[in-house]
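J.: Turn this into a structure:
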Amino acid sequence: MKTAVVILNWNGQKLLEEFLPSVMKYSPEASIYVIDNASTDYSVAYLKTHFPEVQLVQLDQNYGYAGGYNRGLQHIDADIYALVNSDIEVTDNWLSPVLKTFENEPDTTVIQPKIKDYKNKKSFEYAGAAGGFLDFFGYPYCDGRRLFKVEEDKGQYNTPKEIFWASGACFFIRKDTFDRHKGFDESFFAHQEEIDLCWRIQHTGKHIKYVPESEVYHLGGASLEAQNPFKTYLNFRNNLMMLLKNLPAYLIFPVIFSRLILDGLSGIVFLLQAKPKHTLAVVKAHFGFYKRIPKILKQRPDKSIKKYYNRFSIFIK
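T.: Predicted structure coming up:
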């Protein structure tokens, strides 16, 4: 299968310097691409000088994660896309187990590798870990990470398994699947668009899988740090958008009503932590969601899958 490793870049020259060499070294089975979201640093000049063999797709503005990939991938011919954050270090033989799984399992359309912490390589990394799920209230979590607690990798998640969502930090997808679902929802801009896409794919009965034989290390927080209120805004708004878009009809009211209460409590917690900008971000996120409700309702699928949650809550294991 023709494979493209595709890195989305925005003002990430230092990250490219640090992480691109591992991708070049350990990806002999693939062509390497960088989609540049109109960077204003020296990223493009650096790539042309130091990595002329990397194929560069330059966009005219910053379209975010969703729009950047949607536009950039239109210029890339491959059977399998490996969408890799610019702050990912890959390892020897990281591609082979994934490509073998795609070859042997035609109904598996998205795959995530084991994602560990670049700063502490014994531990899983927050964004993805050993595969993603949703709890009853629609909060994303991972095997290997509950809330802010991250586990050490002791081999407890070394078995391939079906998951609910794959992390956008290192996201393998068949090209025909990406095209059929029209890629990521660009109204998300960034954060949780990969969960939405995985959910939409599952409406068609296809599978998302975690393949631990493939292992990568993620720095995390390279684009938007956790303390950035805009990240808080995107996470709260996008999660509500995703739920309304994909939940079975009978769950829309109980889940979203519960979330309105829980999000309000989160806003109060931010105030108690002396983070008023994050409280304001939660409020703005809800108004941003309300404004988009008519459009989201038109995006709901005709058919819904019945199984959505791996466990009742992220608070229990």
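J.: Quickly find the element holding residue 183.
T.: In this assignment (DSSP states H and E), residue 183 forms part of neither any helix nor any strand.
J.: so who does it touch?
T.: Going by CB atoms under 8 Å, 6 or more residues apart in numbering, residue 183 touches 66, 69, 70, 73, 197. The C-beta positions use only the backbone N, C-alpha and C, and glycine is treated the same way.
J.: isn't there a helix covering residue 56?
T.: No. Counting by DSSP: H, G, I helix; E, B strand; the rest coil, one finds residue 56 to be strand, located in no helix.
J.: my guess is it meets residue 45, correct?
T.: No. Counting by CB atoms under 8 Å, residue 56 stays clear of residue 45, with 10.8 Å between them.
J.: Which one's more surrounded, those two?
T.: Neighbour count, other CB atoms under 10 Å: between residue 56 and residue 45, residue 56 has more, with 17 against 11.
J.: beta partners of the more buried one?
T.: Residues in a beta bridge with residue 56, per DSSP bridges, are residue 34.
J.: OK, contacts around it?
T.: Contacts of residue 56 by CB under 8 Å, 6+ apart are 33, 34, 36, 44, 47, 48.
J.: Could you report the pLDDT at residue 304?
T.: What the model reports for residue 304 is a pLDDT of 63.
J.: Where does pLDDT dip in this structure?
T.: Scanning the chain for pLDDT under 70 picks out 221-226, 303-317.
J.: And the helices in it, which stretches?
T.: 13-25, 43-50, 64-72, 96-104, 175-180, 193-202, 229-246, 249-272, 276-299 (DSSP state H).
J.: Could I get the buried residue list for the second one?
T.: This points to helix 43-50. 43, 44, 46, 47 (16 or more other CB atoms under 10 Å).
J.: Nearest to residue 277 among these?
T.: Nearest to residue 277 among these: residue 43, at 29.1 Å, using CB to CB.
J.: any idea how far residue 8 is from the closest one?
T.: 11 Å (CB to CB, to the nearest Å).
J.: ditto for residue 200
T.: 20 Å.
J.: quick one: which of these two has more around it?
T.: residue 8 (26 against 20).
J.: which strand residues sit across from that one in the sheet?
T.: residue 35, residue 85.
J.: how much space is there between it and residue 114?
T.: 21 Å.
J.: With distance to residue 138 added, can I get the helices of the chain in JSON lines?
T.: Putting these into JSON lines (distance: least, CB to CB, whole Å) gives the following:
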{"stretch": "helix 13-25", "distance to residue 138": "31"}
{"stretch": "helix 43-50", "distance to residue 138": "35"}
{"stretch": "helix 64-72", "distance to residue 138": "19"}
{"stretch": "helix 96-104", "distance to residue 138": "28"}
{"stretch": "helix 175-180", "distance to residue 138": "23"}
{"stretch": "helix 193-202", "distance to residue 138": "10"}
{"stretch": "helix 229-246", "distance to residue 138": "5"}
{"stretch": "helix 249-272", "distance to residue 138": "6"}
{"stretch": "helix 276-299", "distance to residue 138": "12"}
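J.: out of those, nearest to residue 133?
T.: helix 193-202 (9.8 Å).
J.: Next up, the contacts around residue 187.
T.: Counting by CB under 8 Å, 6+ apart, residue 187 has contacts 241, 292, 295.
J.: so which of these is the most crowded?
T.: Neighbour tally across the contacts of residue 187 (other CB under 10 Å): the maximum, 24 neighbours, falls on residue 241.
J.: For it, give me its contacts.
T.: 185, 187, 188, 196, 289, 292, 296.
J.: Out of the residues you listed, flag the one nearest to residue 252.
T.: Scanning the contacts of residue 241 for proximity to residue 252, where the rule is CB to CB, the winner is residue 296, at 10.7 Å.
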